[in-house]
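Novice: let me see the structure of the following:
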Amino acid sequence: MVDPASPRTLSRRCFNLSITAGAATVCAPLLAQPAWPNKPIRIIVPYTPGGFTDQMARMVQVGLQNRLQQTVTIDNKPGANSIIGVDLLAKAPADGSTFAVVIAAYAANTTLYPKLPYDPRKDLTGVSLMGVSPLLAAVNNDAPFKTAKQLIDYARANPGKISFGSSGNGSAAHLTSELLKAITKIYMVHIPYRGAVPALTDLIGGQIQLFFDAPTGLINQGKAGKVRLIGVASDRRLPAVPDVPTFIEQGFAGFTGSTWAGMLAPAATPKDIVKRMSDEVGRIIRSDETRARLDAMGTFGAGGTPEEFDAFIALETTKWAKVIRDAGVKAE
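Specialist: Got it, this is the predicted structure:
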């Protein structure tokens, strides 16, 4: 007996109907949809090439191409503290062809900029937290303090005598420094720079005394003896600099600050596509090869679910919103 619902019977019926009017309407539901991904994938990086965000995006690019058997391109769209690139993602087709890699500024921008061109909660959805990079604290070699405790004691005894640099107002480095001020009840002068490189240059030169930055920018400088690394803003030490203690170990309970990288998608992207991309990113992040590269960068690999990343973003947004409001931080 022939099954009227079998694929072969349906195909024959569809072929027979193809010579009649309305065939497309009848047959369309019977045709299989093309499997994702059926066209090249673009990953927007809302920063210039070479930085932490770009490095994290390119770290998964090749792996995604191999696993998905599709072209994956990196599209750097810097500007406005990542807002330009994120807005492009929010307005991109939600068909699984466009994603973005963002960092901690994404969570802070919700408070720093009351009138964003996109709604983070309605227009975007998390795909996967890729890695967390706790900030390192570096001081000038000639500074009159060599440990985190000595730094805080000196700042208390000399209000306003210590100046700290950051890569810009509202950056992870700036907000982490403001959190340290709040926890320890000290006063230091903020000197914002347009990027981490000029801030580090002035730290080495003695124009500023303290600078928090992602480990990728400070590990080699510390090992070369150009700056002194005095603490990690984390609950665990970094494998790349195991001799540098955390601030928590040094008596500053609850003090953590980091930059991080994670992948986003337009909110209307089908959930099965978001989950598939999340799974693939997680497999790449958890591979031995990627783990080794992340360790060298001072970054803890993650690779969680979309729901876990959304929850992480919510916590980060709340945490830094309080710091921004309490310190009166304004966007540049």
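Novice: got phi/psi on residue 127?
Specialist: For residue 127, the backbone dihedrals (degrees, to the nearest 10) come out as phi -110, psi -60.
Novice: could you check the pLDDT of it?
Specialist: Residue 127 carries a pLDDT value of 98.
Novice: test my guess that it contacts residue 265.
Specialist: Yes - Residue 127 is within contact range of residue 265, at 5.3 Å (criterion: CB atoms under 8 Å). Every residue, glycine included, has its C-beta placed from N, CA and C.
Novice: which parts of the stretch 101-250 of the chain are helices?
Specialist: For the stretch 101-250 of the chain, the helices defined by DSSP state H, counting those that start in this stretch occupy 105-112, 120-123, 148-157, 172-184, 196-205, 215-223.
Novice: any residues in contact with both of residue 127 and residue 265?
Specialist: By CB atoms under 8 Å, 6 or more residues apart in numbering, residue 127 and residue 265 have these common neighbours: 99, 274, 277.
Novice: so which of those is the closest to residue 315?
Specialist: residue 274 (20.0 Å; CB to CB).
Novice: which SS class is residue 85?
Specialist: Classification of residue 85 using DSSP: H, G, I helix; E, B strand; the rest coil returns helix.
Novice: now it, nearest residue through space, not along the chain?
Specialist: Leaving aside its chain neighbours, residue 85 sits nearest to residue 46 (2.5 Å; criterion: CB to CB, 6 or more residues apart in numbering).
Novice: give me the pLDDT for the one you found.
Specialist: Reported pLDDT for residue 46: 95.
Novice: list the contacts of it.
Specialist: Counting by CB under 8 Å, 6+ apart, residue 46 has contacts 53, 77-79, 82-86, 100, 102.
Novice: for the chain, give me the ranges with low pLDDT.
Specialist: Across the chain, the ranges flagged by pLDDT under 70 are 1-34.
Novice: change it to 90
Specialist: 1-35, 50-51, 81, 114, 167-168, 194-196, 217, 330-332 (pLDDT under 90).
Novice: domains of it?
Specialist: Per automatic domain parsing, the structural domains of the chain span 41-132+258-327, 136-232.
Novice: adding neighbour count and distance to residue 112, write the contacts of residue 46 out as a markdown table.
Specialist: Listed next are the contacts of residue 46 as a markdown table, based on neighbours: other CB atoms under 10 Å; distance: CB to CB, whole Å:
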| residue | neighbour count | distance to residue 112 |
| --- | --- | --- |
| 53 | 28 | 17 |
| 77 | 17 | 19 |
| 78 | 16 | 17 |
| 79 | 12 | 15 |
| 82 | 23 | 11 |
| 83 | 19 | 10 |
| 84 | 14 | 15 |
| 85 | 23 | 16 |
| 86 | 26 | 13 |
| 100 | 28 | 18 |
| 102 | 29 | 14 |
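Novice: closest one of those to residue 260?
Specialist: residue 102 (9.0 Å).
Novice: touching, the closest one and residue 56? I think so.
Specialist: No - at 9.8 Å, residue 102 and residue 56 do not qualify as touching, with contact defined as CB under 8 Å.
Novice: not counting its neighbours along the chain, what's nearest residue 150?
Specialist: Closest to residue 150 by CB to CB, 6+ apart is residue 144, at 7.9 Å.
Novice: my read: the one you found touches residue 154, true?
Specialist: Yes - with contact taken as CB under 8 Å, residue 144 and residue 154 are classed as touching, separated by 6.1 Å.
Novice: can you give me the strands in the protein?
Specialist: Counting by DSSP state E, the chain has strands at residues 41-45, 72-76, 98-102, 124-134, 136-139, 163-166, 189-192, 210-213, 228-232, 258-266, 300-301.
Novice: I'd like those as JSON lines, with distance to residue 314 appended.
Specialist: Shown next, in JSON lines, are the strands of the chain (distance: least, CB to CB, whole Å):
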{"stretch": "strand 41-45", "distance to residue 314": "22"}
{"stretch": "strand 72-76", "distance to residue 314": "27"}
{"stretch": "strand 98-102", "distance to residue 314": "14"}
{"stretch": "strand 124-134", "distance to residue 314": "10"}
{"stretch": "strand 136-139", "distance to residue 314": "26"}
{"stretch": "strand 163-166", "distance to residue 314": "24"}
{"stretch": "strand 189-192", "distance to residue 314": "27"}
{"stretch": "strand 210-213", "distance to residue 314": "24"}
{"stretch": "strand 228-232", "distance to residue 314": "25"}
{"stretch": "strand 258-266", "distance to residue 314": "13"}
{"stretch": "strand 300-301", "distance to residue 314": "20"}
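Novice: out of these, nearest to residue 60?
Specialist: Each of these was scored for nearness to residue 60 using CB to CB, and the closest is strand 124-134 (7.0 Å).
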